[in-house]
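Colleague: next input, structure requested:
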Amino acid sequence: MVSRLKIGGPTRRFLLARPRPLPVALAAAALLLLAVRFAAAQVSLLAGGHAQPVSNTQPVTFLADQVSYNRQTGIVTATGHVEAWQGDHIVYADKMTFDRNTNVAAAIGHVVMLEPSGQVLFSNYAELSRNMKNGVMKGMSVRLAQNAKLAANGARRTGGQINELSKAVYSTCNVCRKNPNIPPLWAIRASSAVQDLQHKRIEYKDAVMEIYGLPVAYFPFFFSPDPSVKRASGLLIPSVGESSHLGAFASIPYFWVIDKSSDATIIPTLATQTGPQLQTIYRKRFNDGEIRINAAAAYDQHKPQGYLFAHGVFDLNSTWRYGFDFNRASSTDYLRDFNILPSANTLNSQVYLEGFGPGAYARIDTRFYQALQNSVVASSLPVVLPYARYSFFGEPDAWGGRFSADTSFFNVLRQSGTSTARGALTMNYEKPFTGQFGDLWKLQFHLDAAVYSAHNLNELPNFGTANSAETARALPQVALDYRWPLMRDAGRWGTQIIEPIAQLIVAPNIGNRTSLNIPNEDSLDLQFTDANLFGFNKFPGIDRLEGGTRVNVGLHGAWYMGGSSLDALIGQSYRLHKDTTFPVGSGLSDNVSDIVGHVSLSPTPWLDLTYRTRLDHKTFQQRFIDATASVGNNTLRVTGGYLYTATDPYFLYDSSPPPTSVNTPRNEIMLSATTHLGQWRLSGYTRRDLQSAQFVSAGLDAAYENECLVFEVKFDRRFTSLNGDHGATALLFQVTFKTLGTVGFGAL
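Modeller: Here you go, the predicted model:
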């Protein structure tokens, strides 16, 4: 039996629908219609279905199994699955009474209140008035965003905006289903609290932080934002630590919401062995971009110190955007003391303009650098003023060919070293076609051209024979690529592929780089592997070009069987003339190059092996090894790596001739492991220099995370020396109470 009662209106009239049986189909249709109208939350049944603003004269509508009215007392009683709504407030209860004399509604038993904001309140008993905006509740609990829960012995509501709570408890932890009496992992218990729905924050008085029911911290007063709030002004949880450079230190951050599109985090830091630091992080979003500024001032090393890191990017239109990165610090010692960018070699700054189009990209920028390590000579760092480039990649033409082009101009200035201005053009046209036996061919026409003006060419990193040079050169090349993939379907043995590869390149022999006196800015880092075997230039840039007629050959094979795979390639390059452009030890300076190749094996989803090598073409001695092995799954994964090079390219351009240290091999091994066991996550790594028989670095990271807490421990140890130190150790503990903040302790 379902009854509907509407109470209220300008003249305080009431309508009573006398209970009577309804057909089942009609009752179901009525319930469905009312459920839809419930979802609207602002539709008044007395207003003919039109949305009405909330007012004191808006009626209260009931839906219940039984409704009775006592004319003598003026009390309407609804029982059994009671649903009542007034304006945008909805209440469910086992029983509900409405006193026409006082306009007070009382909800009894399993009371559920739906707020206009979407918040859900639960209570054992509630008395409501003024359109359900005022009230008193017993045994109240609230379900908030991010799994947060707020409960109290009693609560008083005022204006639908303020909930005053007595004996309040707040937590985001789930209650044990088997034993609800077990305390949650963490909780905030307060003698009283105020939930401000208008300003979306919760204030606590005489609050205690409990871990598994045991008190660990006391707060006379503090507040936290409502979990639904993404940003709110206020103090953040402080962090403390111990450092060999700072001594004991503590930071107390304050987060300031300036407006809807900007905020700032102000972080004062006090230390026992050095002066204080004040750090500010400012963020601002615009309709067309954003900026972020991280600045700090401190008293360190017996003098004022500071840094400024700024980033910004803005859209001009749908094609063009511009931006900047400015990074500067007063000294490397200051950054080391406060553990700011501890492993960086330089601070890089730039201002740029770039555009994107169909198959095209353009950019112009200027760059400058600041050295952070004693091993980096500040006067040798370049200032790039400017660097402009344009790239175009065309659509296939009527013959199936495709044209591409890259143009660039840069001006590099150094106080100590070579200063270079260069304009460059690279063009390429390629036309693929297929032979009658399934063989694949590609014909390419390629041109690299550049004009140079250089000063101090006899200094690093070139050490040329002349002090200055102005020159130009162009290298046209023609290449014919050939591939013939032969595939065999072996049924249950999978599919095998054998693919011979050959590439013929015809080009002028451009000769020795020393006689040309061409500066080198983009081709300092050369490593010959199977990755750059096929191509017009094995150098990474065009300041050094590979000329002469040559043939690059290789044999590629693969085997795919179910979830297993094997992929391998071996190749070599042959030249008509020796090319002294390549440095000694690169494996390319002879008529016949070293042998390069790789093997990748994945027999199962839990095992991956990759081995890349370069062998001396005369002695077959290994000159380069890059090997990795990965074993395991998401539960436990172990990865190992090994790197070996017969020479150390970091010393190649330090002097002329290169120092003897360039012939010292690089010989390193690395091992790491990660594991995920339920809510636990553990990872560790170590790196060792086998050449010097000492460790380079090691680290460990352990974390636990559930629905309400994240606990993380990080340990890092650097054994090598930076800026004259004897290594460094960092230990960090962090506990994140979800929706509240993070507590941390660091030892550096």
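Colleague: quick one: the helices in the stretch 301-450 of the chain?
Modeller: Using DSSP state H, counting those that start in this stretch, the helices assigned to the stretch 301-450 of the chain run over residues 332-337.
Colleague: model confidence for residue 288, exactly?
Modeller: Per-residue pLDDT puts residue 288 at 96.
Colleague: equivalent analysis for residue 230, please.
Modeller: As predicted, residue 230 sits at a pLDDT of 82.
Colleague: are we agreed that it is in a strand?
Modeller: No. The assignment for residue 230 is coil, going by DSSP: H, G, I helix; E, B strand; the rest coil, so no strand is present there.
Colleague: could you report the neighbour count for it?
Modeller: Residues near residue 230, counting by other CB atoms under 10 Å, number 7. (Each C-beta comes from the backbone N, C-alpha and C, glycine too.)
Colleague: kindly report the same for the one 5 residues further on.
Modeller: For residue 235, the count of nearby residues is 12 (other CB under 10 Å).
Colleague: pull the contacting residues for it.
Modeller: For residue 235, the contacting residues are 252-255, taking CB atoms under 8 Å, 6 or more residues apart in numbering as the criterion.
Colleague: may I see the PyMOL selection of the buried members of the residues you listed?
Modeller: Command for PyMOL that selects the buried part of the contacts of residue 235, burial taken from 16 or more other CB atoms under 10 Å:
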select buried, resi 253+255
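Colleague: quick check: domain ranges of the chain?
Modeller: As assigned by automatic domain parsing, the chain contains the domains 1-116, 133-230, 378-590.
Colleague: any chance of a markdown table for those domains, columns distance to residue 364?
Modeller: Supplementary listing: those in a markdown table, determined by distance: least, CB to CB, whole Å:
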| stretch | distance to residue 364 |
| --- | --- |
| domain 1-116 | 53 |
| domain 133-230 | 37 |
| domain 378-590 | 4 |
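Colleague: so which of those comes closest to residue 616?
Modeller: Closest to residue 616 of these is domain 378-590 (CB to CB; 7.4 Å).
Colleague: hang on, the earlier thing: just the contacts of residue 235 now: which is nearest residue 317?
Modeller: For the contacts of residue 235, with residue 317 as the reference and CB to CB as the criterion, the closest is residue 255, at 34.2 Å.
Colleague: which strands or helices does the helix or strand hosting residue 481 pack on?
Modeller: In this structure, residue 481 is located in strand 468-483 according to DSSP states H and E. Counting by 3 or more CB pairs under 8 Å, 6 or more residues apart in numbering; DSSP states H and E, the packing neighbours recorded for strand 468-483 are strand 440-455, strand 495-506.
Colleague: just the CA atoms of that strand, as CSV, please.
Modeller: As requested, C-alpha coordinates have been extracted for strand 468-483 and formatted as CSV (Å, rounded to 0.1, in the frame of the first residue of the first chain):
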residue,chain,number,x,y,z
SER,A,468,89.2,30.5,-38.0
ALA,A,469,87.5,29.2,-41.1
GLU,A,470,84.7,30.1,-43.5
THR,A,471,83.7,27.3,-45.8
ALA,A,472,80.9,25.5,-47.4
ARG,A,473,80.3,22.0,-48.7
ALA,A,474,77.7,19.8,-50.2
LEU,A,475,77.5,16.0,-50.4
PRO,A,476,75.0,14.4,-52.8
GLN,A,477,74.4,10.7,-52.4
VAL,A,478,72.4,8.1,-54.2
ALA,A,479,71.4,4.8,-52.5
LEU,A,480,69.7,1.7,-53.7
ASP,A,481,68.3,-0.5,-50.9
TYR,A,482,67.4,-4.2,-51.4
ARG,A,483,65.5,-6.5,-49.1
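Colleague: let's have the chain start at 557 instead
Modeller: Sure, I'll start counting at 557 from here, so that last one is strand 1024-1039.
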